[in-house]
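[1] next input, structure requested:
(chains A and B)
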Amino acid sequence: MTYYVFTLVFFLFDYWILAMGLNIQYGETGILNFAYIGFVAIGAYFTGVFSLHSAKGTGQFYILGLGLPFPLNLLLGGIAAMCLALFVALITLRRLRTDYLAIVLISLSLVLYDFCNNYVGLFNGADGLYNVPEPFAKPFGLNVNSFIPFFACVAAAVSLLMWFAMSRVMRSPLGRTFRAVRDDEVVAAALGKNVFRVKLKSMLIGSFYAGVGGGLLIQFGGSFNPTAWLPGETFVVFAVLLVGGIGSNLGMFVGALLVETLLIHLPAFLPEIPGHPGLIEYFDSALVGIVLMVMLWFRPQGVAPERLRRTTSFGVVPRDSDGSGTTGSLATSAALELGDAP
Amino acid sequence: MQLFWLSLGFGFVTASVLAIAAVGLSLQFGITNYVNFAYGDFMALGGFFAYVLNNEVFHLNIWIALVLGALAMGVLAVIINRLILGPFARRFTSGHYVLIVTFGLSLILLNLEYSIWGAQVRFFNMPISQAKSIGPLLLTKNQLIVMAIAVVLMIAVHTMLKVTRLGKCMRAMSDNTTLAMTSGIDTNRITTITWFLSGSLAGVAGTVLGISEGNLTPASGELFLFVIFAAVIVGGVGSIYGAMAGAVLIGLATEISAAFINPSYKLDIAFVILILALLTRPSGLFSRPGTT
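    Numbers count the residues shown, from 1 in each chain, chains lettered A, B, ... in the order given. Here you go, the predicted model:
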């Protein structure tokens, strides 16, 4: 029982991190990243190959295999996702409008998937990586049962740290510039902001969050294979973000609780319908799409929406009682905010 | 050399499938001005409609099943537009929510297909045809019919756009919806017809994809989607003739490359071409000035 509860707790915190990363890209800067799960996967795979030892004699095929200790491999996994983001951003961000960018990114997601699935030498192909060492298992003497609660706490600590960092970024001048670019690129450019560089920074920060979230996934489960990151998984992160409320870090925690924990992982414990293997899982995935559409139609600002930020001469006062974040007033507020950005 | 001619034949077949799919996607994009990320699932669904008519009820000939399956998919596309996409597109003009909604629609359709037909691979019930050599090419009768269908559909779409009143209205709407509306064009009716055509073309493409690949699964449309996107972007987004040319280019390139590299990666070639096209000609091979 505690096993299940702590599994749910882990996924709650992990998807909170993933939603924060997507929020900085889509919610704050307006980059419609439909390849998000690809960055998560790259983070997971690299965290895996940095912590696994040499591939010889394990029956698996993968690159690197450095056997690095826990926080270091997670960090490097995040940086690997950032490297992919840098490559993608340099090619696409400068040239493409949001909808064409979305096309290219979803294609990237499908191609990455196809490539990792077929090319065995990179990350063991369709079988994926397994037997990834459990962090802290030896020094703390953890067994299979005690590892799960322990690592759920580690994930909670990491996500709180990243939440703190993210809320600092969002309140910084850079965060204000992100929102100005989202609301109107031309206005931001007219105020002297280099729109491409702003978007690039947003891409890199968001991808780091994706990579770390992916790294935690592989460390928790000990394995990671291509079925875990089909392009449709990106949609789950979008659902977490939109159900929780774009722009609100705490709202995304609620979103992760509602979508990831209640909608996706809880039904996995339901018994199978005899004669129809996987039927519950299929209905469940379709339900995520339906919930998101219903949510967008009736409450587009999310369960816990972004609060309006007002600027005074004393600095930013982040409170507004009614919290009805309509795009019009947000655009104005972001433009006003930018006025005092250095 | 033998291998080259063989893969050239396959290239023409893939180009035919791609051309049908890419034109259907471009038509709808030109009119409604947003990309339908559920298009791959429209294709698979059209294929499954044909499969049901061909294998489960009526046991129709595959080519009759193809036509009926495509018409059914066209009607379903109109219903989806009326109930879901149309209202969302009218209400949310910013934030690209419509794109997220089509992405969600893709997830819903894919999982509905999985719940109805399961994950196993399906086959059409059709006569096996001997390969015949036509010049240096080696093609089966079914492959020739697929190519003929594509050529007929391309000529039909071209004639419709250039000659008929409907086609002129569609081109007017694609250029400027507001201006078309003030000129007395019933834009709602045109949008409905466009969704019907787009859905039908997706249905045809899904079935001929199943015929040319030899099998059908709910995911086959989804994985083919990025190849369609590559064809559409290489040709220039929203341009019908660009989509046709892009389809031929991508179709030939993927199949011919399969003769020289591991065929598992042949679809990835489409993405490499897409990136090269973005770096050199970001607005497409056949873009008109001022319509980026």
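[2] quick one: secondary structure of the residue of the stretch 101-250 of chain A found nearest chain B?
    Proximity of the stretch 101-250 of chain A to chain B (CB to the nearest CB) peaks at A:S107, 3.8 Å away. Where you see a C-beta, it was placed from the backbone N, CA and C, and this is true even at glycine. What DSSP: H, G, I helix; E, B strand; the rest coil gives for A:S107 is helix.
[3] surely it meets B:V272?
    No - when contacts are counted by CB atoms under 8 Å, A:S107 is not listed as touching B:V272 (11.0 Å).
[4] tell me where the model's unsure across the stretch 201-342 of chain A.
    Applying pLDDT under 70 to the stretch 201-342 of chain A picks out residues A:307-342.
[5] at which residues are the strands of it located?
    A:310-312, A:315-317 (DSSP state E, counting those that start in this stretch).
[6] I'd like to know which elements the helix or strand where A:F115 lies is packed against.
    Counting by DSSP states H and E, the element that carries A:F115 is helix A:98-118. Secondary-structure packing of helix A:98-118 (3 or more CB pairs under 8 Å, 6 or more residues apart in numbering or on different chains; DSSP states H and E): helix A:36-51, helix A:70-92, helix A:120-123, helix B:97-117, helix B:220-235, helix B:266-280.
[7] how about the fourth one: buried residues?
    By neighbour count with 16 or more other CB atoms under 10 Å in any protein chain shown, helix B:97-117 contains the buried residues B:97-115, B:117.
[8] list the contacts of the next helix or strand after that helix.
    Downstream of helix B:97-117, the first helix or strand assigned by DSSP H and E is strand B:131-134. Strand B:131-134 is contacted from outside by B:138-141, B:144, using CB atoms under 8 Å, 6 or more residues apart in numbering or on different chains.
[9] quick one: strand B:131-134 to chain centroid distance?
    Distance of strand B:131-134 from the chain centroid (CA atoms, centre = their mean, to the nearest Å) equals 27 Å.
[10] give the pairing partners of that strand; include direction for each.
    In the sheet, strand B:131-134 lines up against strand B:137-140 (antiparallel) (DSSP bridges).
[11] which residues touch the partner strand?
    Contact with strand B:137-140 is made by B:5-6, B:8-9, B:12-13, B:129-132, B:147, as judged by CB under 8 Å, 6+ apart.
[12] just the buried residues of these.
    Neighbour counting by 16+ other CB under 10 Å classes B:6, B:8-9, B:12-13, B:147 among the contacts of strand B:137-140 as buried.
[13] next, give me the two most distant ones among those.
    Distance extremes for these: the farthest pair is B:L6 and B:M147 at 15.4 Å, using CB to CB.
[14] for chain B, which segments count as helices?
    Along chain B, counting by DSSP state H, helices occupy B:2-32, B:39-51, B:62-80, B:86-91, B:97-117, B:141-162, B:165-175, B:177-182, B:187-213, B:220-235, B:240-257, B:266-280.
[15] would you list these in TSV and tack on mean pLDDT and distance to chain A?
    Shown next, in TSV, are the helices of chain B (pLDDT from 0 to 100; distance: least, CB to the nearest CB, whole Å):
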stretch	mean pLDDT	distance to chain A
helix B:2-32	89	9
helix B:39-51	94	9
helix B:62-80	94	12
helix B:86-91	89	7
helix B:97-117	90	4
helix B:141-162	92	22
helix B:165-175	90	15
helix B:177-182	90	16
helix B:187-213	93	15
helix B:220-235	86	4
helix B:240-257	89	12
helix B:266-280	83	4
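[16] just give the nearest non-adjacent residue to residue 185, would you?
    If you meant another chain, say so; for now it's chain A. A:V195 (5.2 Å; CB to CB, 6 or more residues apart in numbering or on different chains).
[17] you looked at the wrong chain, it should be chain B
    Spatial nearest neighbour of B:I185, excluding adjacent residues (CB to CB, 6+ apart): B:C169 at 4.8 Å.
[18] gap between that neighbour and B:N188?
    B:C169 sits at a distance of 12 Å from B:N188 (criterion: CB to CB, to the nearest Å).
[19] between the two, tell me which one has more neighbours.
    B:C169 (21 against 11; other CB atoms under 10 Å in any protein chain shown).
[20] I figured the more buried one hits B:S183, correct?
    No - counting by CB under 8 Å, B:C169 does not reach B:S183; the two are 9.1 Å apart.
[21] ok, back up a step: isn't the residue nearest to A:E185 right next to A:A188, touching?
    Yes - the criterion here is CB under 8 Å, and A:V195 meets it with A:A188 at 5.9 Å.
[22] give me the common contacts of those two.
    Shared contacts of A:V195 and A:A188 (CB under 8 Å, 6+ apart): A:V181.
[23] comparing these two, which residue is more hemmed in?
    A:A188 (22 against 17).
[24] CA atoms of whichever helix or strand that one is part of as PDB?
    Element membership for A:A188, per DSSP H and E: helix A:185-190. Extracted in PDB, the C-alpha atoms of helix A:185-190 (Å, rounded to 0.1, in the frame of the first residue of the first chain):
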ATOM      1  CA  GLU A 185       6.900  40.000 -30.100                       C
ATOM      2  CA  VAL A 186       6.800  43.300 -32.100                       C
ATOM      3  CA  VAL A 187       6.300  45.400 -28.900                       C
ATOM      4  CA  ALA A 188       9.100  43.500 -27.200                       C
ATOM      5  CA  ALA A 189      11.400  44.000 -30.200                       C
ATOM      6  CA  ALA A 190      10.500  47.700 -30.300                       C
END
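[25] how far does that helix sit from its chain's centre?
    28 Å.
[26] pull out the buried positions in that helix.
    A:185, A:188.
[27] just checking, what packs against it?
    By 3+ CB pairs under 8 Å, 6+ apart, helix A:185-190 packs against helix A:173-183, helix A:195-221.
[28] try it again with 10 Å
    For helix A:185-190, the packing partners by 3 or more CB pairs under 10 Å, 6 or more residues apart in numbering or on different chains; DSSP states H and E come out as helix A:173-183, helix A:195-221, helix A:327-338.
[29] reformat those as CSV; add distance to B:I20.
    Shown next, in CSV, are the helices and strands packed on helix A:185-190 (distance: least, CB to CB, whole Å):
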stretch, distance to B:I20
helix A:173-183, 37
helix A:195-221, 35
helix A:327-338, 38
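[30] got the residues of the stretch 51-200 of chain A near chain B?
    Counting by CB under 10 Å from any CB of the partner chain, the residues of the stretch 51-200 of chain A close to chain B are A:88, A:91-92, A:94-104, A:106-115, A:117-119, A:125, A:182-183.
[31] again, but for the stretch 201-342 of chain A
    A:230-236, A:238-239, A:241-242, A:246, A:276-293, A:296-297, A:300, A:327-328, A:331.
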